[in-house]
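**Q** Everything below, folded, please.
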Amino acid sequence: MLNAETVKTKPFAFSFFLLLALALTGSILLFIVTASWGLGTNSDSANYIAGARNILTGHGYRNYGSLSLITHWPPFFSFTLAVIGLLGIDPLDGARILHSALYGVNILMIGLILRKLTGSLIAALFGAYFMLASMPMIEVHTRVCSEPWFIFFSFTAFYLLNQYLAGQSKKYLFSAAALTGLACLDRYVGVTVIGAGTLGLFLLSRKKLAARVKESLLFLAISALPLGLWLLRNKLLANELMSKSVNPPSLSFEYLQMAFGTFTTWLLPASVPSLVRHIGLFLTLVGAAILVVLIVSKEIKHGATKIITTDDSLRFVALLMVFMVCYAGLHIVHHVIMNASVSAGDRHFSPLFIAGLLIVLILLDRFVKLSPSAPFKKIAVISLLLLMSFSYLLSAAQEFATFWKNGYGHTSRFWRASQTMVKTKSLLKGEFIYTNNSSAVYLIVNAPARRLPSKINKKKHRYDDGTEIDSPDLLSQLQKIALRLLDKEGYVVFFSRRQQWYSLTQAELEKYLPITPVAKLKDGVIYKADPAREYDVLHAKGIE
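**A** Modelled structure (predicted):
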């Protein structure tokens, strides 16, 4: 690794070419891997796609079921899919094109940031490679989710903010604030970027107190404006700032265990025993702390008492650390207070992975620079990174191969090849549908599928004595569904492979809904509304 200020052995153009090659490799690879089954999807994905499709049809930013206004997810991701849709490309296919491009862009962005801050081509190439081959980056770019845009906006904003703190013009501050605003319109957790940027301007600037306060407030005002306008829209049109959680909040041991388990797999493969991975995580954190102390103490000995605010790379490290505290803190608070269903997996923690990656590579670069006359340090660091690179390569190859073969989620091979799904797609186009897998039907068939109710409250399904809690007003819900099916001459699509312990069974649907089978398949049944059964259903007395 080379000193950014004194050694310039590698022209920047050459570095850019190599990083661009890695970025293009990532984009092309992802586009090929997702060719068979498309991007992976879940219920969130269905609403992102619905938002884009409904924008294109002139209905506005609405969900796929009830067509109600979407407030739970900010609009930027769906809006970009709608823009691609203007070319005649369905948003589900557009997401694949967009994510392939963003995969390459994010790989290139991290590589360039490292090249600029460290002056080291080796650090930049390792950073770009880990972005390409890491499980968090593969997961968020192969799924229909908003994280890829968030990653681009957030870390570009941090770099521009760091450049402003280094003495660049006000346009860097305004640009960073604008990108932060877009991050908030992509994901609500963008408020952590606002918080980190505001605190960074106040704590890491070399200016006087009054100037620091002024610049911090200016950044806060500009970056928060887009989100404020969006929340105002929600309040005026939907009478809520954002949709409320339906999941009970808590901070469980399982959540903390999953979080630390996720962190450990960033260092060692999941196949390695858990205890070994946790020890590795602990040693890495201790080592990072020691590196910071060594670097700062040595700089202080050389008279650099304000090294954190004067050194570009260490200031950037400090800024990222502030962000990590804000992001992790908000994630825990959200889990405890609002929504315990938010997982602690690679997707939600992907920004922490990138921040950690940048911090580690910058600190390792500085560690090598502490003793430029001791080449064994450089050899040891590069050997360690090469070992991790090989481990990442094996995991990435396995993940890409699995994705190529089967896809993921509601648009995977499992669902696209389903006989019932294939029949639904050929038989029901634009029909009124109720189903026990509304997300998959909507995404694959592109029909306004509605979800059948659960017969058991799956959020809190048992009393203290062990008896099951029925879903409230189930019979009333079924009677309303019956009337809608009859009024719209609708259909019910039942997937037997989707049957859950809390779901209505096939026999119960036939008993309590006015339906008659029109197609019986190996893995499900398609029913049509039958007016001849109206009286029996609407006068039913209860669910057995």
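
**Q** got a pLDDT number for V293?
**A** Listed pLDDT for V293 reads 77.

**Q** Then it would be within a helix, right?
**A** Yes. V293: assigned to a helix according to DSSP: H, G, I helix; E, B strand; the rest coil.

**Q** Quick check: longest helix in the protein by residues?
**A** helix 375-406 (DSSP state H).

**Q** which secondary structure elements does the very next helix or strand once past it contact?
**A** Downstream of helix 375-406, the first helix or strand assigned by DSSP states H and E is helix 413-416. Packing partners of helix 413-416 (3 or more C-beta pairs under 8 Å, 6 or more residues apart in numbering; DSSP states H and E): helix 375-406, helix 438-445. Where C-beta positions appear, they are placed from N, C-alpha and C, glycine not excepted.

**Q** Tell me the helices and strands packed up against the helix or strand hosting A178.
**A** Using DSSP H and E, A178 maps to helix 170-186. Contact partners of helix 170-186 among helices and strands, from 3+ C-beta pairs under 8 Å, 6+ apart: helix 76-85, helix 147-165, helix 191-203, helix 209-238.

**Q** Pick the most buried one from the ones you listed.
**A** helix 147-165 (a mean of 24; mean count of other C-beta atoms under 10 Å).

**Q** how far does that helix sit from the chain's center?
**A** How far helix 147-165 lies from its chain's middle: 16 Å, per C-alpha atoms, centre = their mean, to the nearest Å.

**Q** sorry, back to before: would TSV of the helices and strands packed on helix 413-416 with distance to K423, mean neighbour count and mean pLDDT be doable?
**A** Shown next, in TSV, are these (distance: least, C-beta to C-beta, whole Å; neighbours: other C-beta atoms under 10 Å; pLDDT from 0 to 100):
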stretch	distance to K423	mean neighbour count	mean pLDDT
helix 375-406	21	14	91
helix 438-445	10	26	93
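
**Q** With distance to W266 and mean pLDDT added, can I get the helices and strands packed on helix 170-186 in CSV?
**A** What follows is these, written out as CSV (distance: least, C-beta to C-beta, whole Å; pLDDT from 0 to 100):
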stretch, distance to W266, mean pLDDT
helix 76-85, 25, 97
helix 147-165, 15, 97
helix 191-203, 19, 97
helix 209-238, 29, 95
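
**Q** which one of those helices lies closest to V293?
**A** Of all those, the one in closest proximity to V293, counting by C-beta to C-beta, is helix 191-203 (19.0 Å).

**Q** Mind listing residues that contact that closest one?
**A** 153-154, 157-158, 161, 165, 173, 176-177, 180, 183-184, 212-213, 215-216, 219-220, 223-224, 227, 318-319, 322-323, 326-327, 330 (C-beta atoms under 8 Å, 6 or more residues apart in numbering).

**Q** make it 7 Å
**A** Helix 191-203 is contacted from outside by 154, 157, 161, 176, 180, 183-184, 212-213, 215-216, 219-220, 223-224, 319, 322-323, 326-327, 330, using C-beta atoms under 7 Å, 6 or more residues apart in numbering.

**Q** and if you look at stretch 74-92?
**A** 38, 48-49, 51-53, 55-56, 61, 94-95, 97-98, 146, 149, 182, 184-188, 230, 443.

**Q** repeat that for 6 Å
**A** For stretch 74-92, contacts defined as C-beta atoms under 6 Å, 6 or more residues apart in numbering pick out 48-49, 51-53, 55-56, 61, 94-95, 146, 149, 185-186.

**Q** Distance from that stretch to the middle of the chain?
**A** The chain centre lies 17 Å from the centre of stretch 74-92; the measure is C-alpha atoms, centre = their mean.

**Q** Next, the distance between the ends of that stretch.
**A** Distance between the two ends of stretch 74-92: 18 Å, counting by C-alpha to C-alpha, to the nearest Å.

**Q** that older thread, turn the helices and strands packed on helix 413-416 into JSON lines, columns for distance to S412.
**A** Below are those laid out as JSON lines (distance: least, C-beta to C-beta, whole Å):
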{"stretch": "helix 375-406", "distance to S412": "6"}
{"stretch": "helix 438-445", "distance to S412": "9"}
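
**Q** and of these, who's closest to V296?
**A** Nearest of those (C-beta to C-beta): helix 375-406, 17.9 Å.

**Q** and the closest one, what other elements does it pack with?
**A** Judged by 3 or more C-beta pairs under 6 Å, 6 or more residues apart in numbering; DSSP states H and E, the packing partners of helix 375-406 are helix 12-33, helix 121-133, helix 346-370.

**Q** Between helix 346-370 and that helix, find me the angle.
**A** Angle between the axes of helix 375-406 and helix 346-370 is 160 degrees (criterion: axes from the mean of the first three to the mean of the last three C-alpha atoms, to 10 degrees).

**Q** Would you verify that T516 is located in a strand?
**A** Yes. The assignment for T516 is a strand, going by three-state DSSP.

**Q** Distance check, it against R484.
**A** According to C-beta to C-beta, to the nearest Å, T516 stands 16 Å off from R484.

**Q** What is the helix or strand containing H335 packed up against?
**A** Using DSSP H and E, H335 sits in helix 312-337. For helix 312-337, the elements it packs on are helix 91-118, helix 147-165, helix 191-203, helix 307-310, helix 346-370, judged by 3+ C-beta pairs under 6 Å, 6+ apart.

**Q** Please identify the buried residues of it?
**A** 312-324, 326-328, 331-332, 334-335 (16 or more other C-beta atoms under 10 Å).

**Q** now do stretch 350-368
**A** Buried, per 16+ other C-beta under 10 Å, within stretch 350-368: 350-368.

**Q** what does the domain assignment say about the chain?
**A** Segmentation of the chain into domains, based on automatic domain parsing, reads 11-145, 149-244, 251-370, 418-538.

**Q** ok, back up a step: any chance of the helices and strands packed on helix 170-186 in a markdown table, with distance to L22 too?
**A** Shown next, in a markdown table, are the helices and strands packed on helix 170-186 (distance: least, C-beta to C-beta, whole Å):
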| stretch | distance to L22 |
| --- | --- |
| helix 76-85 | 24 |
| helix 147-165 | 16 |
| helix 191-203 | 26 |
| helix 209-238 | 31 |
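
**Q** Wait, P517 touches V525, no?
**A** Yes. Counting by C-beta atoms under 6 Å, V525 is a contact partner of P517 at 5.2 Å.

**Q** out of these two, which sits in the busier spot?
**A** V525 (20 against 14; other C-beta atoms under 10 Å).

**Q** Please enumerate residues in contact with the host helix or strand of the more buried one?
**A** Here V525 sits within strand 524-529, counting by DSSP H and E. For strand 524-529, the external contacting residues (C-beta under 6 Å, 6+ apart) are 420, 485-486, 489-496, 514-519.

**Q** for this protein, which spans come out with low pLDDT?
**A** By pLDDT under 70, the weakly predicted segments of the chain are 1-10, 244-253, 299-305, 338-342, 372-373, 457-472, 534-544.
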